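[1] here is the input, now give the coordinates:
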Amino acid sequence: MPGANQAAWHTVEPTAMPRPSLPLRFRIFQIRALASFLNFLGTRSAGRKFIIRLRSHPVTRTPLEMCLGFRRSFPSFAAAQASATKYIKAGHENPDDVHFHTSMSDTVRESDYAILFHLVPLASGLRRVFDFGGNVGNLFYSYQRKIEFPPVLLWTVYDLPVKKLLGEKLAAQHAETRIRFTNTLAEASGADIFIASGSLHYFEEPLHTILASLEDLPKHVFINRTPCSSGPDLITVQDNRSYLVPCKLHSRTTLIAGMQALGYKLQSEWPVYERRLLMPTHPDFSARTYSGFYFRR
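    This next block holds a predicted model:
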């Protein structure tokens, strides 16, 4: 008999995505091959220096960016999205994205244990959790396997409207009444916990700007599974094979400084080895591991 996550999988009817034309498929293959080669080259000291010279010199920068297509850096999410759409039109609404997160509702990943360590002493007193970019609410179910949340807890998921119906079906299959969905960021105001797991890099605004818009700041802020730049902010397109999405490597230095300016103190930081996001043109700043952070106000 299938588990709850498998049952939820079949509630999603995949939308047929148009297949790129043959010339476009060759172009996508060329972009991916060049990006892979540069990423490999960037693992060597001499290779990194060579790539930095290529991207820094005005004569070589433009041809390099043209050859890399959607795998280059961009000045904004709008520019990144415009480039991605030329190659593959699907984004976060792609069924593959929803299927993956639905299938993970019963899975606790390695990087989750760092958050669980800090959540355990807080769990019994929790009343409101705001799950920023929480997809179908899969994080709630995986954490519930390790922590017994109180009956009065309200776990609010903030994500695209297309995720709401699927998340509500998953909640019904779990007979779970403590989870709800919203498209209003203001509902994070006064939350006990604000958590952004695997989602912060899909938002262009810095975290401190997002939180500063709230009337009452959350006391605890957890960030997990996000790529950070060891230098400046960097915007690119994340290649998920069947879909492309703009994403941002938030500067680690800027992230921490922004949170400190709001009155938060960094309590803990951990590497996330499950994923990495390499930028072919920026091997000196790329996220060779994702990162996690716990801030307390």
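[2] residue ranges of the strands in the stretch 51-200 of the chain, please?
    Ranges of strands in the stretch 51-200 of the chain, per DSSP state E, counting those that start in this stretch, are 128-132, 154-158, 179-182, 193-197.
[3] quick one: mean pLDDT for the second one?
    Averaging pLDDT along strand 154-158 yields 97.
[4] what does the shortest one give?
    When the per-residue pLDDT values of strand 179-182 are averaged, the result is 95.
[5] the closest residue to Ser230 other than its chain neighbours: how many residues sit nearby?
    Using Cβ to Cβ, 6 or more residues apart in numbering and skipping residues adjacent in sequence, the residue nearest Ser230 is Phe285, 5.2 Å away. C-beta: built from backbone N, CA, C; applies to glycine. Neighbour count for Phe285, taken as other Cβ atoms under 10 Å: 18.
[6] ok, the one 5 residues further on next?
    Tyr290: 22 surrounding residues under other Cβ under 10 Å.
[7] same check, this time on Val120
    Counted with other Cβ under 10 Å, residues neighbouring Val120 total 11.
[8] over to Leu200?
    25.
[9] do the same with Ser56
    The burial count for Ser56: 10, using other Cβ under 10 Å.
[10] so which of the strands of the stretch 51-200 of the chain gets nearest Leu255?
    Ranking the strands of the stretch 51-200 of the chain by proximity to Leu255 (Cβ to Cβ) places strand 193-197 first, at 11.1 Å.
[11] gap between the nearest residue to Tyr273 once chain neighbours are set aside and His57?
    Nearest residue to Tyr273, sequence neighbours excluded (Cβ to Cβ, 6+ apart): Thr289, at 5.5 Å. According to Cβ to Cβ, to the nearest Å, Thr289 and His57 sit 30 Å apart.
[12] between those two, tell me which one has more neighbours.
    Each of Thr289 and His57 has its neighbours counted (other Cβ under 10 Å); Thr289 has more, 16 against 11.
[13] what sits against the more buried one?
    271-273, 275-276 (Cβ atoms under 8 Å, 6 or more residues apart in numbering).
[14] out of those residues, which is nearest to Phe50?
    Distance to Phe50 across those (Cβ to Cβ) is lowest for Arg276, with 20.9 Å.
[15] give me the number of neighbouring residues for that closest one.
    13.
[16] for it, give me the pLDDT.
    Value listed for Arg276 in the pLDDT field: 91.
[17] ok, Thr177 - contacts?
    Residues counted as contacts of Thr177 (Cβ under 8 Å, 6+ apart) are Ala171.
[18] flag the shaky bits of the stretch 1-150 of the chain, pLDDT-wise.
    1-18, 90-105 (pLDDT under 70).
[19] let's go with 80 and repeat that
    1-20, 90-106 (pLDDT under 80).
[20] coming back round to it: phi, psi for the residue nearest to Tyr273 please.
    Dihedral angles of Thr289 (phi, psi; degrees, to the nearest 10) stand at phi -140, psi 160.
[21] any idea of the pLDDT on it?
    For Thr289, pLDDT reads 93.
[22] from the middle of its chain, how far away would stretch 122-135 be?
    Centroid displacement of stretch 122-135 relative to its chain, using Cα atoms, centre = their mean, to the nearest Å, is 17 Å.
[23] now do the end-to-end distance for it.
    Distance between the boundary residues of stretch 122-135 (Cα to Cα, to the nearest Å) amounts to 23 Å.
[24] what comes up buried for it?
    Buried residues in stretch 122-135, counted by 16 or more other Cβ atoms under 10 Å: 123, 126, 128-135.
[25] cool, and stretch 211-231?
    211, 214, 217-218, 220-229.
[26] go on, stretch 137-156?
    For stretch 137-156, by 16+ other Cβ under 10 Å, it's 137-144, 149, 153-156.
[27] give me the spatial nearest neighbour of Pro75, chain neighbours excluded.
    Once flanking residues are discounted, Pro75 sits nearest to Ile235: 7.0 Å by Cβ to Cβ, 6+ apart.
[28] pLDDT on the helix or strand containing that neighbour, on average?
    Using DSSP states H and E, Ile235 maps to strand 234-239. Averaged across strand 234-239, the pLDDT comes to 96.
[29] contacts for it, please.
    32, 35, 70-77, 79-80, 83-84, 201, 204, 244-249, 277, 279, 282, 285.
[30] that older thread, return the member of the buried residues of stretch 211-231 nearest to Ser189.
    Using Cβ to Cβ, those come closest to Ser189 at Leu214, 4.3 Å.
[31] that closest one reaches Leu207, doesn't it?
    No - counting by Cβ atoms under 8 Å, Leu214 does not reach Leu207; the two are 11.6 Å apart.
[32] just to revisit the earlier point, which SSE is the residue nearest to Ser230 in?
    Per DSSP H and E, Phe285 falls between elements, in no helix or strand.
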